[in-house]
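Chemist: sequence plus predicted model, see below.
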Amino acid sequence: MPQRLSDYLKKEYGEKIYRLSLSSGCTCPNRDGKIGTGGCTFCSEGGSGEFAADFVDIDTQIEDAKALIRKKTDACKFIAYFQSYTNTYGDAGRLKELYMSAIKREEIVTLSIGTRPDCLGTDIMDMLIELKQIKPVWIELGLQTIHEETARRINRGYDLQVFEDAYKRLKEAGITVIVHVILGLPGETKEMMLDTVRFLASLEPSLDGIKLQNLQILKGTKMYEEYVSMQNHIFSMEEYTDLVTECISLLPAQTVVHRMTGDGPRKLLVAPLWVTDKKRVLNMLTKKTVGLWI
Ligand code: SF4
């Protein structure tokens, strides 16, 4: 039985914690030619993080993001979340200065960095270990699937062994690891998707966190072209919420579920349109997953 992120954060900090979507100014090696060009086929121009701020100095980004949240809440504590592109792809010295500035601020309780497992060299690992001495550091890895044929089809640009190696090194360094999984990738059966979750559920040491989301077809992506020409099956809300419920039932107590449905950019979203009614999706998931949480 896994835990919900909201419950985990309440236990850890005794209050609601909000995410600040920030930009590190990094690009992605799967877009700029170092590993590949064109990127993962589902990824839009915004690098899978349409809500992040543009790159300006980090204190300005943090103040602007806090001001937005405080229009609706009296939030005091925040996670500095670097989501778009590959936030460990760049000069370790520059990144260290950037992340230090964020993590040293009193109101920042955790640093969360989205990246690829093939962008965690020694200098970056040393930086993460240093940052971790100050506050918790979460590394978010976009694995999406364990199946090599799907990985090639979506142009992910690394194989499972690279993920396994990065996972081992991160856990040995005491860093919290959160893995992103996309349900509904073309060519995958339900069993294949459940196999990805089973694999993650069996990792040693246990996986700290998981983000599940359904495949979203976004305008301007290669996945959109494939969808138009092949009319790939897209989950209905009913099918998706049933599958997520099955995934949740497979996860161990140590794993925190950070996300159960995606937050795609509305202006780019082609299908499925039901994801825009996030409240309805979450209500359905709340009902279906009763009894599956710690
Ligand atoms: S690694 Fe991330 S940012 Fe780069 S193309 Fe893939 S999803 Fe987009």
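Modeler: Now that the structure is in, tell me what you want to look at. Please read all numbers here as calculations on a predicted model, not as lab measurements.
Chemist: show me what from the stretch 1-150 of the chain comes close to the ligand.
Modeler: Residues of the stretch 1-150 of the chain that fall close to the ligand, judged by Cβ under 6 Å from any ligand atom: 28, 30, 31, 39, 40, 43, 47, 48, 85, 86, 116, 142. C-beta: built from backbone N, CA, C; applies to glycine.
Chemist: export those residues to a markdown table and tack on neighbour count, secondary structure and distance to residue 272?
Modeler: Listed next are these as a markdown table, based on neighbours: other Cβ atoms under 10 Å; DSSP: H, G, I helix; E, B strand; the rest coil; distance: Cβ to Cβ, whole Å:
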| residue | neighbour count | secondary structure | distance to residue 272 |
| --- | --- | --- | --- |
| 28 | 23 | coil | 26 |
| 30 | 26 | coil | 25 |
| 31 | 20 | coil | 26 |
| 39 | 24 | coil | 22 |
| 40 | 23 | coil | 19 |
| 43 | 25 | coil | 18 |
| 47 | 22 | coil | 22 |
| 48 | 20 | coil | 18 |
| 85 | 27 | coil | 25 |
| 86 | 26 | coil | 27 |
| 116 | 25 | coil | 26 |
| 142 | 21 | strand | 20 |
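Chemist: now stretch 252-259: average pLDDT?
Modeler: Stretch 252-259 carries an average pLDDT of 98.
Chemist: what sits up against that stretch?
Modeler: Stretch 252-259 is contacted by residues 1-5, 8, 178, 200-201, 206-213, 248, 251, 294 when judged by Cβ atoms under 8 Å, 6 or more residues apart in numbering.
Chemist: C-alpha coordinates for it, PDB please?
Modeler: Extracted in PDB, the C-alpha atoms of stretch 252-259 (Å, rounded to 0.1, in the frame of the first residue of the first chain):
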ATOM      1  CA  PRO A 252       4.800  -0.900  -1.800                       C
ATOM      2  CA  ALA A 253       4.400   1.200   1.400                       C
ATOM      3  CA  GLN A 254       7.700   3.000   0.900                       C
ATOM      4  CA  THR A 255       6.500   4.500  -2.400                       C
ATOM      5  CA  VAL A 256       4.800   7.900  -2.400                       C
ATOM      6  CA  VAL A 257       2.400   8.600  -5.300                       C
ATOM      7  CA  HIS A 258       3.200  12.100  -6.600                       C
ATOM      8  CA  ARG A 259       0.800  12.200  -9.500                       C
END
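Chemist: now residue 212, what's its secondary structure?
Modeler: Following DSSP: H, G, I helix; E, B strand; the rest coil, the label given to residue 212 is strand.
Chemist: and it, how far from residue 58?
Modeler: 30 Å (Cβ to Cβ, to the nearest Å).
Chemist: show me where the stretch 151-294 of the chain has helices.
Modeler: Under the criterion DSSP state H, counting those that start in this stretch, helices of the stretch 151-294 of the chain are mapped to 160-172, 190-201, 222-230, 237-250, 278-288.
Chemist: check contacts around the residue sitting nearest the centre point of the chain.
Modeler: With distances taken as Cα atoms, centre = their mean, residue 180 lies nearest the centre of the chain, 4.7 Å away. Residues near residue 180 by Cβ under 8 Å, 6+ apart: 140, 141, 142, 143, 144, 210, 211, 213.
Chemist: which residues touch the third one?
Modeler: Contacts were defined as Cβ under 8 Å, 6+ apart; by that measure residue 142 touches 40, 48, 114, 116, 156, 180.
Chemist: and the two most separated of those?
Modeler: Pairwise distances across the contacts of residue 142 peak at 14.4 Å for 114 and 156 (criterion: Cβ to Cβ).
Chemist: tell me the secondary structure at residue 139.
Modeler: Residue 139 - assigned by three-state DSSP - is strand.
Chemist: out of the contacts of residue 180, which are buried?
Modeler: The neighbour count (16 or more other Cβ atoms under 10 Å) marks 140, 141, 142, 143, 144, 210, 211, 213 as buried among the contacts of residue 180.
Chemist: between these, which is nearest the ligand?
Modeler: residue 142 (5.2 Å; Cβ to the nearest ligand atom).
Chemist: gap between residue 103 and residue 259?
Modeler: Remark: distance between residue 103 and residue 259 (Cβ to Cβ) = 23 Å.
Chemist: more crowded one of these two?
Modeler: Counted by other Cβ atoms under 10 Å, residue 103 and residue 259 do not tie: residue 103 has more neighbours, with 20 against 15.
Chemist: for that one, what are its contacts?
Modeler: Counting by Cβ under 8 Å, 6+ apart, residue 103 touches 80, 111, 131, 134, 135, 137.
Chemist: swap in 10 Å and give it another go.
Modeler: Residue 103 is in contact with 80, 109, 110, 111, 130, 131, 132, 133, 134, 135, 136, 137, counting by Cβ atoms under 10 Å, 6 or more residues apart in numbering.
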